[in-house]
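Just the structure for this:
(2 chains)
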There are 2 protein chains.
Amino acid sequence: MITREILASVFLAKNVAVVGASENPDKTGYQVLSNIIDGGFRGEIYPINPRSNEILGIRCYSELLAVPEDIDLVVVIVPAKFVPDVMRQAAEKHAKGAVIISGGFREIGNIELEQEVMQIANDNSIAVIGPNCQGINYPPNHLCATWPLLTSQGAMAIIAQSGTIGATMAGWAEEDGIGFTSVVALGNKSGVGEIELLDYFAEDPATRVIALNIEGVNDGAQFITMAKRALAKKSVVVLKPGRTAKGAEAAASHTKSIAGSDQVFDAVCRQTGLIRAEGIAEFYDYAKILGLLQKPAGNRLMVITSSGGSGILAADTADDLGIRIDKPDGATIDALRAVLPNQCVLSNPLDLTGDATARRYLDALEVVIQSDDADAYLVIFGDPIENAAQMLQSIRNKTEKPIIAAFLGGGEVEKREVPLMNAAGIPVFPTPERAIRALGALLRKK
Amino acid sequence: MITREILASVFLAKNVAVVGASENPDKTGYQVLSNIIDGGFRGEIYPINPRSNEILGIRCYSELLAVPEDIDLVVVIVPAKFVPDVMRQAAEKHAKGAVIISGGFREIGNIELEQEVMQIANDNSIAVIGPNCQGINYPPNHLCATWPLLTSQGAMAIIAQSGTIGATMAGWAEEDGIGFTSVVALGNKSGVGEIELLDYFAEDPATRVIALNIEGVNDGAQFITMAKRALAKKSVVVLKPGRTAKGAEAAASHTKSIAGSDQVFDAVCRQTGLIRAEGIAEFYDYAKILGLLQKPAGNRLMVITSSGGSGILAADTADDLGIRIDKPDGATIDALRAVLPNQCVLSNPLDLTGDATARRYLDALEVVIQSDDADAYLVIFGDPIENAAQMLQSIRNKTEKPIIAAFLGGGEVEKREVPLMNAAGIPVFPTPERAIRALGALLRKK
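Numbering: from 1, shown residues only, chains lettered A, B, ... in the order given. Here you go, the predicted model:
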């Protein structure tokens, strides 16, 4: 039984050994060690490799047993056949967890070898992440035992069967300025699975949204129970590829997951309130918006833009999803007319036109947030609008209603302003279409 | 009648005047002038403003007539009511073209003022871009008379009713390392419209693909004739927002376009071979792939990946679009077994697993391109794979079949490798889903 307490001592490990650390920059054993170091881990780091005395400037030990103290977390990157022995040594060193990056187990038919490893783990209460996984990343403990090097702390707990999907999500979150609480790569998930991690992150105060990528569930009933429990505390977004016949076939050869009926899984999502994403970009967008905003009171959206063309794309996508784009009432139009130049189109979308400045957005937004015409606002910046983030923050402080943004065509100004907005809790998307689809996910929240 | 010769002398202008140039960095008249300078325009630049002697270090003139020579191109950023006088002066200076960025014409009901401007233009054979547009960008002449500053020369001709959509496309093309031949913002398109520009870029040797964003067409029959003529020489991708009732309403207030029936336009696209995009990201992806690759001989795709999870996403999207993911034949599997480590999954997707290097991709690709199992290849890099671009280029030189790539979860390595691949003519997409949808567009080509 892997409890929250055990997982906490894995994530908050006070020291870490890297078994299979390597001096060769092409090897995973080098990259992981170097990311743990460069990620700023503050505890002792023990590279283990019988053929080196020192790697990356750190004393290297021949085996775990040679390390002069107990070890909280063991990261394993040696060939599969050596893993049972590593696990026995880890047990002697009272390890709380083992992140087994090594492949070559159940996924290629070596079921017995995997069972042997798990037997040792279970006998010694060692929480196993993997095997055949891409490691873990836990910024609150500056522990980047994976690749690539990413370090931004945020509120999104990423649980990913696919290491690449996890790393991609974390990479986007870092670039966007929102960060993540964790990336846990499940791999063969023979020890720690989605159940234990949903349980953990549901109770984690730093986590506001859980992004869960799975290819199958080990136990359907248990999954539903745990999903409901997690959903009572957090938003949960799910990406479960293998929707189609060809996809399910690929999933079966990837992790030997039994995908089950996709329709059944879809029904489970609708019933429990899990927000399902269709692809990896939506997975990220949905997790981002659900981590930052509350569900609006209704589905009436007001679009404020400097780009007429982008406003039309927003209106199209909103219409596709049944999100209402109602015209502002007469009083609002009159109030807008009083503060805006006459080339502006006083409708919904409200088009501030291409020479709009942050000041013009502020004037317009101060009017529209006073009215009861809309339940949420999409602010589209279609030009290099300086100080857009600061302006939007001041508006955000004056209304309870959710504000989302899209920024495009803004060159260097856009690159500066976007992370500032995201970091201030206003989710920004690279296109109006993605912004509206994300809002659609927020509206689907139970 | 705006001929190709007139348009050529606009794009290849030997000098340019900016009427309404400004010393105030918040003003469009400053940004455009500064982008023309910073974009590296090599001819004379004449800022025009009666209240300045010098702007950005360049001598400023009180009016066009004060400039000591004839002027090829006049960029106009003064209030609408002054534009007729500017046009009369431009005529005296034998201007070939006027890019009228100023708004305040037909789009807000000032039809007569616009007619007055166009009368002067037509009487003097001045090609008008706009009015109410975001200018033009023509890297072959280092002429960035728009915003933001973008300068990368490539093979994509961007014609955009919406300045933001044009700027966004060009920005992505610059970031991706593929560049563009032009961005022409149509605005009210009272002079130069899609007909003249399709005609021009169809004959432009530097252009391989035309990306056309319109909200309506002025003359349906003429549009079909010209589209067919352009399609005989180039690929053409169209983004026409206003698909939905709400979108069409927004389009009507944006450019007073009569959108016409969306079904009719869709039928025109299918009939002529115009590739229609649904949103701005697809608009870019489709233009990118059509500018770089030939249509494959069939729809059998082989997926090669370091990420099993990404391979499943690719298989799902392929299945959605009817793109075949067939298993390799026995001989190919045997040949792969001989060169790949045993954790690899020898199927389609071919999973090289998370510790794959460029060398392992090379070994696998050299086998698969020998077989006749597939008509195209999608190579997914799901990890920081060093030298991925160089490896893929060497494979590309050994096969006639199209190769596309997706790169994700690759951190800094990804940022370095992606533009190299794109620049080498191998289109890279940020997700497997987008890569496959782009391939779907390539397969729809007539």
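
switch to C-alpha atoms for all contacts and neighbour counts from now on
Will do.

quick one: stretch A:201-208 to chain centroid distance?
13 Å (Cα atoms, centre = their mean, to the nearest Å).

Can you give me the buried ones in stretch A:29-42?
Across stretch A:29-42, burial judged by 16 or more other Cα atoms under 10 Å in any protein chain shown covers A:29-37, A:39, A:41.

what does it contact?
For stretch A:29-42, the external contacting residues (Cα atoms under 8 Å, 6 or more residues apart in numbering or on different chains) are A:14, A:18-25, A:45, A:47, A:56, A:77, A:141-151.

can you narrow the residues you listed to ones near chain B?
Applying Cα under 8 Å from any Cα of the partner chain to these, one finds that A:147-149 fall near chain B.

Just give me the closest of the residues you listed to B:Ser394.
Among these, A:Pro148 lies closest to B:Ser394 (Cα to Cα), at 25.8 Å.

Could I get the pLDDT score of the closest residue to the closest one other than its chain neighbours?
Once flanking residues are discounted, A:Pro148 sits nearest to B:Gly411: 5.5 Å by Cα to Cα, 6 or more residues apart in numbering or on different chains. pLDDT, B:Gly411: 92.

same thing with the one 4 residues further on?
In the predicted model, B:Lys415 carries a pLDDT score of 95.

Which of the residues in whichever strand or helix holds it are classified as buried?
Assigned by DSSP states H and E, B:Lys415 belongs to helix B:411-423. Neighbour counts using 16+ other Cα under 10 Å place B:411, B:413-414, B:417-423 of helix B:411-423 among the buried residues.

chain center to the helix or strand following it, what's the gap?
As assigned by DSSP H and E, the chain's next helix or strand after helix B:411-423 is strand B:428-429. From the chain centre to the centre of strand B:428-429 is a distance of 15 Å (Cα atoms, centre = their mean).

Tell me the helices and strands packed up against strand B:428-429.
With contacts defined as 3 or more Cα pairs under 8 Å, 6 or more residues apart in numbering or on different chains; DSSP states H and E, the packing partners of strand B:428-429 are strand B:403-407, helix B:411-423.

The helix or strand hosting A:Ile45 packs against which elements?
Per DSSP H and E: A:Ile45 is located in strand A:44-48. Using 3+ Cα pairs under 8 Å, 6+ apart as the contact test, the elements touching strand A:44-48 are strand A:15-19, strand A:58-59.

ok, the next helix-or-strand element following that strand: who's next to it in the sheet?
Counting by DSSP H and E, the next helix or strand C-terminal to strand A:44-48 is strand A:54-55. Sheet pairing of strand A:54-55 (DSSP bridges) gives strand A:58-59 (antiparallel).

What mean pLDDT does the helix or strand following the strand it pairs with get?
Proceeding N to C from strand A:58-59, the next assigned helix or strand is strand A:73-76, under DSSP H and E. Averaging pLDDT along strand A:73-76 gives 98.

Now do the buried residues in the next helix or strand after strand A:73-76.
Sequence order places helix A:83-92 as the next helix or strand after strand A:73-76, per DSSP H and E. Neighbour counts over helix A:83-92 (16+ other Cα under 10 Å) mark A:83-84, A:86-91 as buried.

Next: stretch A:328-342.
A:328, A:332-333, A:336, A:340.

got a list of what A:Asp363 touches?
Taking Cα under 8 Å, 6+ apart as the contact definition, A:Asp363 lies against A:339-340.
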